[in-house]
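> Provided below are the primary sequence and the corresponding predicted coordinates.
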Amino acid sequence: MLRAHTVEQVRTAEAALLARLPEGALMQRAAAGLAYAVLDLLGGGYGRRVLLLVGSGDNGGDALHAGAVLARRGVQVEAWLLSSSAHEGGVAALRGAGGRIGTPGPTGRLDVVVDGIVGIGGRPGLRPDAVAALAHVAGVPVVAVDTPSGVDVDTGEISGSHVTADLTVTFGTHKVCHLVDPAAQACGALQLVDIGLDLPEAPVEALQAADVAALLPRPAADAHKYTRGVVGVRSGSAAYPGAALLSVAGAACGLAGMVRYDGDPAALDLVRAAHPEVVGPGRVQAWVVGSGSDDGAEDALRAAVADGVPIVVDADALAFARLTRGRPAVLTPHAGELARLLGVERADVEARWLEHARRAAREHDAVVLLKGRHTVVARPDGRARVTTTGTPWLATAGAGDVLGGLVGALLATGLDPFDAASVGSWLHGAAATLAAQDGPIVASDVAAALPDLLATLTTR
Ligand SMILES: NC(=O)C1=CN([C@@H]2O[C@H](COP(=O)(O)OP(=O)(O)OC[C@H]3O[C@@H](n4cnc5c(N)ncnc54)[C@H](O)[C@@H]3O)[C@@H](O)[C@H]2O)[C@@H](O)CC1
Ligand SMILES: [K+]
């Protein structure tokens, strides 16, 4: 599991560790990890040229101490001190190792810029001197120290100018901005350096393949189709039969023991032609409702609620999400649908994904899966998981229908709504990547890739 903690949690853990370690030891650990990450990126030390952008705090101190390590490996290191003060020990260490302090201006060839302007102590946005310095080094690969300077570390919001990194080397644990968009997009690749922090439960996590494999339901030796769980699909309509097909394609990924379709008769014929194993109405352990339901969404949701089983509330059914309040449910809006649900602008949701997903989960007393590049799954108590699998090719019509069906299948097998939503979202992104192989895909390709993906995970 990849875990992300708040600045306050990191500060508390850091204070406890600082009290036990000799002065400067923690920064030395961070700086050494940073320096080796930069050396890896450079592919060596001797003759390479690295520029450090240094702010007034310990983030700049990390950069300076790492610069000293690099200079001792033969790297030509220059530092631009962007504030009136800079970490004294770091400046002395860099000078002592043969690095130099320079003045912002045009540069010759540079291999890497190290962003040590601000880290977890920074306020969002960059000062004009930092913006001007960055303009001098445009196009050079950037390694951010702990966080790309300028982003809001605890929310992932971007409200002013900021650094866009190719690699972010962070310490002790991930921070929220590493996972949550739009800041996550400014981080580039992520590398975590263990500095020995002892941290509490993380408020934000990202499942990894091993976590998904551990959570995936597997049939018991004596399983039959009913014990494995039955998922029911109430989506599609005469006007939108394709939604029924795609929801069923997601639901029929093989995780649940059986899929029932209970919707428009015209759509049922199509569903049966494409999925002969799908059966008609009857008892289920979870419902998927709303995609392409047209004006039947409210009745379909009421009927599902009356069954008392967990429900995936998608698309047209989201307008009636109040009906599932306090029941086991996963709401699956995209940003526009979440904006309507909360009565805010879509741009507000896209500026602060985590805040809005959490608010919707709290207000609707349900798990909310907010679909985006980095999907956020939030529980009513605020705990959240971010999905980091996927490909831009997944932004295609009908992909959400497949996801709804898949999450429904996971609910039917008995996973709780938070696990079902986050595992389903992870699988959906990974299946898309598998199907796309860097080329275009359609939604049914994602569903078709699920069995192969599941096979690699269940045999781990
Ligand atoms: N907390 C930890 O566990 C550890 C922290 N370390 C480093 O220490 C950093 C935190 O250091 P600090 O608390 O000194 O804070 P920072 O270095 O992140 O920034 C605070 C300083 O920047 C100034 N500042 C704030 N916003 C600014 C802005 N937008 N533009 C320019 N200047 C701004 C403040 O006046 C303050 O002097 C971490 O990000 C990490 O790099 C590591 O050395 C090791 C361990
Ligand atoms: K930084």
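Yes, it's here. Ligands and ions are numbered 1, 2, ... in the order given.
> mind checking if stretch 29-36 is in reach of ligand 1?
Yes. Stretch 29-36 lies within reach of ligand 1 by CB under 6 Å from any ligand atom, at Ala30. For the C-beta atoms, the positions are set from N, CA and C on the backbone; glycine is no exception.
> what lies in contact with that stretch?
61-70, 73, 114, 143, 145-146, 169, 171, 191, 193-196 (CB atoms under 8 Å, 6 or more residues apart in numbering).
> buried sites along that stretch?
Residues of stretch 29-36 classed as buried by neighbour count (16 or more other CB atoms under 10 Å): 29-36.
> which one of those is nearest ligand 2?
Using CB to the ion, Leu34 comes nearest to ligand 2 of the buried residues of stretch 29-36, at 10.4 Å.
> I'd like the average pLDDT over the helix or strand where Ala66 lies.
Following DSSP states H and E, one finds Ala66 within helix 58-72. Helix 58-72 comes out with an average pLDDT of 98.
> ok, stretch 137-151 next?
Across stretch 137-151, pLDDT averages out at 98.
> please tell me how far Gln285 sits from Pro200.
Distance from Gln285 to Pro200, counting by CB to CB, to the nearest Å: 34 Å.
> these two: who's more crowded?
Neighbour count, other CB atoms under 10 Å: between Gln285 and Pro200, Gln285 has more, with 22 against 11.
> what's near enough to touch that one?
Contacts of Gln285 (CB under 8 Å, 6+ apart): 229-231, 256, 309-310, 411-414.
> go through the residues you listed and flag which are in helices.
For the contacts of Gln285, the ones inside helices are 411-412, with DSSP state H as the criterion.
> can you map out the strands along the stretch 301-450 of the chain?
Remark: strands assigned in the stretch 301-450 of the chain by DSSP state E, counting those that start in this stretch are 311-313, 329-331, 367-370, 376-378, 384-386.
> tell me, which of the contacts of stretch 29-36 make contact with ligand 2?
Residues of those in contact with ligand 2 (CB under 5 Å from the ion): Val145.
> quick one: buried residues of stretch 179-196?
Using 16+ other CB under 10 Å as the test for burial, stretch 179-196 gives 179-184, 186-188, 190-193, 195.
> also stretch 235-252?
235-237, 240-252.
> stretch 154-174 now?
So for stretch 154-174, counting by 16+ other CB under 10 Å, buried means 154-158, 162-163, 165, 167-174.
> now do stretch 350-366
For stretch 350-366, the neighbour count (16+ other CB under 10 Å) marks 350-361, 364, 366 as buried.
> repeat for stretch 292-300
For stretch 292-300, by 16+ other CB under 10 Å, it's 292-293, 296-298, 300.
> out of those residues, who's nearest ligand 2?
Closest to ligand 2, out of all of those and judged by CB to the ion, is Gly292, at 45.7 Å.
> name the element the closest one belongs to?
Using DSSP H and E, Gly292 sits within no helix or strand.
> quick one, what contacts the most far-flung residue of the chain relative to its centre?
Within the chain, the residue lying farthest from the chain centre (CA atoms, centre = their mean) is Gly96, at 41.2 Å. Counting by CB under 8 Å, 6+ apart, Gly96 touches Ala68.
> do you know how far it is from ligand 2?
Separation of Gly96 from ligand 2 (CB to the ion, to the nearest Å): 23 Å.
> for that residue, give its distance to Thr375.
Counting by CB to CB, the separation of Gly96 from Thr375 is 48 Å.
> understood, closing this out.
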